[in-house]
Each structure stands twice: as C-alpha cells, then as structure tokens.
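J.: Sequence first, then the predicted structure:
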Amino acid sequence: MTIKSAHRIDSVVEYYFSKKLKEIAQLKSEGKEIINLGIGSPDLPPHQSVIRALTDGAENSQNHGYQSYIGIPELRAAYANWYANQYQVDLNSQTEILPLIGSKEGIMHISMTFLESGDEVLIPDPGYPTYRSAALLAGATIRNYSLISENGWQPNFTELESTDLSKVKIMWVNYPHMPTGAKASIELFEKLVEFGQRHNILICHDNPYSLILNPEPLSILSVAGAKDHCIELNSLSKSHNMAGWRMGVMVGKQEYISEILKFKSNMDSGMFRPMQLAAIQALSLDGQWYQDNNKIYEERKNIAYRILDQLGCSYETDQAGLFTWGRIPSSYRSGFDLSDDILDHTGVFITPGGIFGDNGNAYIRISICTDAKVLNQALEKIESFVNQSVL
C-alpha cells in the first residue's frame, strides 16, 4: 500500500515550469529544435572576480565546515554597504540582515514563521506563484488582490479597504513587478507602508529586479517608518548573474529577523563559506558592472518587443526586469492558446501570462535571458509563421 502524502501537499500543484521543462525536454529528445524564452535564469556569467573568490575560497582547507545560520559577519556587512550604496538604506549588519540560500527560501521562511490556519494573505494577481504556494503550505487562506494595466499594475487601496482586512496578516508585493515589469515609486511605497500601519499587516516586498533596466532602484525600507511593518527580500540571482548560486538576503527590523531565524535555523546548516566570500566580492562591484549588463539587456529587450509586434501584442515600453509583458491580440482566447500555438508551429516557447493569475490570462511573457542571436532566430521563426498564417 502506498503511503499517503500530507494534506498540505494537496493544496499546491507542481510548478508550471517544472512540468513545461519536462515537455520541452521530451520535444528535444524527439529531435525537435526548441528555443526556450520562458524562465528568467540569466545566461550571462558572474564577474570573473566573483568566480575567482569562489575557487580561491574552496582551495582553503579551513572553509569546508558548517557555517553560521546568519552568515559570516563580512557578508552581512557587505549587504549593509550594498543597501547603503544602492538604496540609501541604513541597516544594522548584526541584527537587521539575514543571508539566505536564495530569496525564494525566504518566502517560505516568512510564511512558516508568521502564518497559521485562520490567517489571510494578500497575493497579487498577476504575481509570482510561490507567494501563493508558500501561504497554502503554511495553512493560511489566500486573498487575491487585483493588479491591472489601467492602474499601472499597482494595488487599488480604496478597493482593498472596502473589504474586511481584520484577518489579513501578510501582503506580498514585488516592484519592479514580475511579470509585468511595472516600476516602483516612492509614492507607491509610502502608500504600502501607510496601508500596513493602518491595518497592522506585514508588507513583504520581494525586490530582485531593481537593478535590471531600472535607472532608479528603490527599496521599500527607504520610506520613513517602513521597518515597523515591512520586510524586504533581495537576491544576487538577477543583479549579479548568480541564479544557480542561491545567494539571497532578507532585511528588516531585529524582532522580525529573530523570529524568522527560529524557523530557518531548523531548516539548514548555513551556506558554504566560499560562496559567501564570492557574494562579498559580487556586492563590491562598481556601477560599471550594472551598466554593462543593462546594455546587453536593453538590446535583447528591443528584440523581444519586435517579437511582441509580430504576434500583434500591445505593451508598455518602459518595463524593468528580465522580461517583456504583452497583451495578446483578440484572435486568441488566452495566452495559453497563443503559447501552445507558437510552440507547436515554430518551436519557440513563450510563457503564458495566466500562470501568474487570472489577470494574466490575456498576456504573454518573454524572457530576455537569451543571447540576442537566439532571440533573433526566434523572431525569424515567428515572423515566418505569422506571414504564412496571413497567406
């Protein structure tokens, strides 16, 4: 007899990309050429000095033991300096910074620390699916809040406050927004902080895209009084091309960090010290590093916009982050239909916006984590398909 899994697993499903990558792998095994414009995993390498710091650290025989749950002091200090330089936010490196094995684990740590049955969580629609999964696994109840293009993909606070918020404990926000690329503003962050204060809600801001095609990177903690009701997650995955390294950070006031550490310290045994040394080096890179990356991404984004043009999609041209987000033409019922059609006829995979929530059903998302040459190949394939369809 098969042992039954826990009921909590029934509340979530396998991540869409996990299933889709299996399908793409099967197509490739059948000899089909597939161009994957789906997942936002940077294809560019980290800075060479970061790789050297890792290898040098690994060659030191003293660096292979268990490490602190809160990261080495030098790493916490590097994160504090980075926040001061990039966001003009002052953090106490001893008490307000918690290095993470990627910021995705921080979403689960926060959820498991603060949520239980009876609590409600405000989840953006569209938004990153992991917010929902983590809340459900923690036993909480989901409350979707609608984001629409007409409102700049920002929360409608009047609409939210017309409802009963007494059971809401956490609100997830993410700017620059994934998947839409909508940028943050101080005005938006001020509204979020005030909202959290009025209703005693913990505002959890997920901030991995702030340095990608975004001239004015912001942290929600730059707003006066934000630390009382806000936690921020950040990551080196996107900004430093270190997605597979799993180097992230959580920042917030000591009381929140201390509570979350109770959970985290039971889940892992610290990060490999050479990885931490490499992260310190990455955090010390000057502005030229970000400029060089963004120059490449700017070229790629322009090609992705041309793909959207070929598909008859409409879009905003000032999107930040590693994706382009476009509204599909009326000839398709949903982004899923368009995505499947393009994959079947051209071998190009584009993410359907509906995986991010119902408000994404009429959209698609294109990743720019692919060389310009490959993006142009995808453009040519789609252009040929579109021309044949018209004929």
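T.: Cool, got the structure. Residues are numbered from 1 along each chain as shown.
J.: Scan this structure for its longest helix.
T.: With secondary structure taken from DSSP state H, the chain has its longest helix at helix 287-310.
J.: between whatever helix or strand comes next after that one and helix 287-310, how big is the angle?
T.: Using DSSP states H and E, the helix or strand that follows helix 287-310 in sequence is strand 323-327. Counting by axes from the mean of the first three to the mean of the last three Cα atoms, to 10 degrees, strand 323-327 lies at 30 degrees to helix 287-310.
J.: Could I have the CA atoms of the helix or strand following strand 323-327 written out in PDB?
T.: For strand 323-327, the following helix or strand on the C-terminal side (DSSP H and E) is helix 335-346. What follows is helix 335-346, C-alpha atoms only, in PDB (Å, rounded to 0.1, in the frame of the first residue of the first chain):
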ATOM      1  CA  GLY A 335      -2.000  33.500 -23.500                       C
ATOM      2  CA  PHE A 336      -2.000  29.700 -23.100                       C
ATOM      3  CA  ASP A 337      -3.500  29.300 -26.600                       C
ATOM      4  CA  LEU A 338      -1.000  31.600 -28.100                       C
ATOM      5  CA  SER A 339       1.900  30.000 -26.300                       C
ATOM      6  CA  ASP A 340       0.900  26.500 -27.400                       C
ATOM      7  CA  ASP A 341       0.300  27.600 -31.000                       C
ATOM      8  CA  ILE A 342       3.700  29.200 -31.200                       C
ATOM      9  CA  LEU A 343       5.500  26.300 -29.600                       C
ATOM     10  CA  ASP A 344       3.700  23.800 -31.900                       C
ATOM     11  CA  HIS A 345       4.400  25.700 -35.100                       C
ATOM     12  CA  THR A 346       7.800  27.400 -34.500                       C
END
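J.: Which parts of the following helix or strand past helix 335-346 count as buried, going by neighbours?
T.: Sequence order places strand 348-352 as the next helix or strand after helix 335-346, per DSSP H and E. In terms of neighbour count (16 or more other Cβ atoms under 10 Å), strand 348-352 has its buried residues at 348-352. C-beta coordinates here come from the backbone N, C-alpha and C atoms, glycine included.
J.: any idea which of those is closest to Arg365?
T.: Thr351 (4.3 Å; Cβ to Cβ).
J.: residue contacts, the closest one?
T.: Taking Cβ atoms under 8 Å, 6 or more residues apart in numbering, we find Thr351 in contact with 37-39, 179, 335, 339, 364-367.
J.: Could I get the full set of strands for this protein?
T.: Per DSSP state E, the chain carries strands over the ranges 35-37, 97-100, 120-125, 141-146, 168-173, 202-206, 230-235, 248-251, 323-327, 348-352, 363-367.
J.: Now tell me what touches the last one from outside.
T.: Counting by Cβ under 8 Å, 6+ apart, the neighbours of strand 363-367 from elsewhere in the structure are 37-40, 126, 179-180, 304, 307-308, 311, 313, 322-328, 335, 338-339, 350-354, 356.
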